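# this one's structure only:
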C-alpha cells in the first residue's frame, strides 16, 4: 500500500518529532511516499536541490499514486490544505490527525467534510491505535 503522509513544513514544522513517530508507525502498513517530512530542516534541504515547481510536481505525482492520505493537521498549512483538496477531488481516502491543544480548533473546511475521517488525539499512542483501526478496516 502506498501512503501519502501530509504535514506542515513551511507553515511551521515544530511538530517534526511527532511526524517522524507517525511515519515510522505508518511503515508497518505500507510504503510512506513522503517519509522525508519527518526530517529536521526539510524545507531548507529540499529548496537547495529542487525548485518549488519540482517539489509540487513530485508531490502531486506521489499523492495521485497513493492508496490513502494521512495528514497531521495540528499546525495549519496552506500546502496541506491544497493536498487535501486535491486528494478529495481524486477520491482518495483521507484521514486527518489533530491534536487539540491550547484551545486550537480544526478548520471547519476539514472537520465539516464528512468524506474526511478526523481523529483528535492527545498522545502518539492514541494516534497509533486510531491508525491501527483505519488500516484494519481497509
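Done, it's in. Computed from a predicted model, the values in this text were never measured in an experiment.
# Any stretches of the protein with poor pLDDT?
13, 39-48 (pLDDT under 70).
# where along it do the helices fall?
Per DSSP state H, the chain carries helices over the ranges 16-26, 42-49, 52-65, 78-89, 108-111, 124-136.
# Take those helices and lay them out in TSV including distance to residue 95.
C-beta: built from backbone N, CA, C; applies to glycine. TSV is the format used below for the helices of the chain (distance: least, CB to CB, whole Å):
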stretch	distance to residue 95
helix 16-26	10
helix 42-49	22
helix 52-65	14
helix 78-89	10
helix 108-111	11
helix 124-136	6
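# Out of those helices, which gets nearest to residue 33?
helix 52-65 (4.2 Å; CB to CB).
# tilt between the closest one and helix 78-89?
Relative orientation of helix 52-65 versus helix 78-89 (axes from the mean of the first three to the mean of the last three CA atoms, to 10 degrees): 40 degrees.
# List of residues touching helix 52-65?
The contact list for helix 52-65 (CB atoms under 8 Å, 6 or more residues apart in numbering) reads 2, 4, 33, 34, 46, 50, 69, 83, 86, 87, 90, 92.
# Could you give me the PyMOL syntax to select whichever of those are buried?
Applying 16 or more other CB atoms under 10 Å to those, the buried members can be selected in PyMOL as follows:
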select buried, resi 4+33+34+46+69+83+87+92
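# just curious, which of the contacts of helix 52-65 is nearest to residue 129?
residue 69 (19.4 Å).
# That closest one is in contact with residue 84, isn't it?
Yes. Using CB atoms under 8 Å, residue 69 makes contact with residue 84 at a distance of 7.1 Å.
# Mutual contacts of these two, please.
6, 94.
# Just give me the closest of the contacts of helix 52-65 to residue 131.
Among the contacts of helix 52-65, and counting by CB to CB, the member closest to residue 131 is residue 69, at 12.9 Å.
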